[in-house]
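Participant: Got a predicted structure plus its sequence, pasted below:
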Amino acid sequence: MTLNDSNRPPLYTMVFGLLCLSQVLFSASFNMIVPELPEYLRSMGGEKYIGLIIALFTTTAGLSRPFSGKLADTIGRIPVQVIGTLVCVFASLLYPFVSSVFAFLLLRLFHGFSTGFKPTASSAYLADIVPVSRRGEAMGILGVSMNAGASIAPPIGSFLAAEYSMDLMFYFSSGLALVSVLLLFGMKESLVDKKKFSPSLLKLKKGDIIDKSALLPASIALIVYLSIGALVTIGPDQSVFLGVSNKGFFFTSFTVCSILSRLVAGRASDKYGRIQVLRLSLILLSASLFFFTMVDSGITFLFAAGLLGFSLGTASPPIFAWVIDRCKDENRGKALATVYIALEISIGSGALFSGWIYSSNPERFGLTFMLLSLITLIGIVILYKKEDKYVKETY
């Protein structure tokens, strides 16, 4: 049963707004510098290491998830968010002082801890403060906040680097993260039974890494996010091959359509159920990936990227809301970290898989996406084969 619009509990509170704004600024901070980092590394003579710019960042993001999940469930959601955002503050401040390739790569490793901590704790905090009946809608809005920062900030960063200097871009990035931190101090901690931090909390036991209740949603996340890794890896080459002059256009199409669908998908999952919306999203995702096999012009490529973004945006809110539905309240951080680990593995695997199939051969663009389309069908089978008791209890 769901509430009618006339008596639905409030979602758009001041705290909710502060959390989303903090997320926008956090996302803007680390995404702002990404387009300029290859040139920055190249200026140090590290051209052959350009592929590590994202790889090192995501490596530490993934490795830190179990720690952030455990700490979010013990010392609190706010402290973990602050830690992650402060990493952005200091990392961006340090880039102008880096003068060697080795130091740059170490800094990228350090910077990756930010996304290992902030999103996990932000999602757990959101689940604590929003009404259960609007959980999917709330997760969708939080995802839009991350996408908004990621889509708005890169052009600003490139403008600052071109018109002024790289250093100013880094300092501006650090400033955005600092404002994000300050907003967090205006929010009340949502974890009731907090513990004081002690070094023993950093010791992970087997049960601290994975939350079993999150394994089913994580298995769907493993399938869904393969396509992001593929699009980021071979999308720029396909864009150039099809005559799209600005390689950023396809990502803009992807992001805008993702934002639009997130606004609807989360609310739909509150009304009709997580699995129902996920089934539809996986069908759309498989169809959008298959559509790439028919792309033969820049226009159709941009349309395909938009369709893929719309499909992924439809899947994301119900996945994360589903995780919260299934887990115990005291394990929300760990459960969300489990799905974020799956997300990191999926994106990395999608990048490796697509790069291996594509092998810099334009004739294999279609084959790459066709195989991903077929893999996506596995997710549809999983959802139709297994009805989830947790979802039945919730809706």
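Facilitator: Yep, that arrived.

Participant: Residue 110: what's it in contact with?
Facilitator: Residue 110 makes contact with 60, 87, 91 under the criterion C-beta atoms under 8 Å, 6 or more residues apart in numbering. C-betas here are computed from N, CA, C, even on glycine.

Participant: In those residues, which residue is surrounded by the most others?
Facilitator: residue 91 (25 neighbours; other C-beta atoms under 10 Å).

Participant: Now that residue. Nearest residue, chain neighbours left out?
Facilitator: Spatial nearest neighbour of residue 91, chain neighbours left out: residue 111 (4.0 Å); criterion: C-beta to C-beta, 6 or more residues apart in numbering.

Participant: And for the one you found, the neighbour number?
Facilitator: Other residues close to residue 111 by other C-beta under 10 Å number 22.

Participant: do the same with the one 5 residues further on
Facilitator: Using other C-beta under 10 Å, residue 116 has 29 other residues around it.

Participant: Which helix or which strand is home to it?
Facilitator: helix 101-129 (DSSP states H and E).

Participant: what comes up buried for that helix?
Facilitator: For helix 101-129, burial by neighbour count (16 or more other C-beta atoms under 10 Å) applies to 101, 104-105, 107-127, 129.

Participant: Once you drop chain neighbours, what's closest to residue 135?
Facilitator: Using C-beta to C-beta, 6+ apart, the closest residue to residue 135 is residue 321 (4.7 Å).

Participant: count of neighbours near that neighbour?
Facilitator: 30.

Participant: Find me the pLDDT at it, would you?
Facilitator: You'll see residue 321 listed with a pLDDT of 91.

Participant: Quick check: which element contains it?
Facilitator: helix 298-326.

Participant: Next, the buried residues of that helix.
Facilitator: Those would be 298, 301-326, for helix 298-326 by 16+ other C-beta under 10 Å.

Participant: thinking again about what came up before, where's the residue nearest to residue 135 relative to residue 26, distance?
Facilitator: Remark: distance between residue 321 and residue 26 (C-beta to C-beta, to the nearest Å) = 21 Å.

Participant: And for residue 263?
Facilitator: In terms of C-beta to C-beta, residue 263 sits 20 Å off from residue 26.

Participant: swap in residue 150?
Facilitator: From residue 150 to residue 26 the distance is 10 Å (C-beta to C-beta).

Participant: Looking at the two, which one has more neighbours?
Facilitator: residue 26 (29 against 20).
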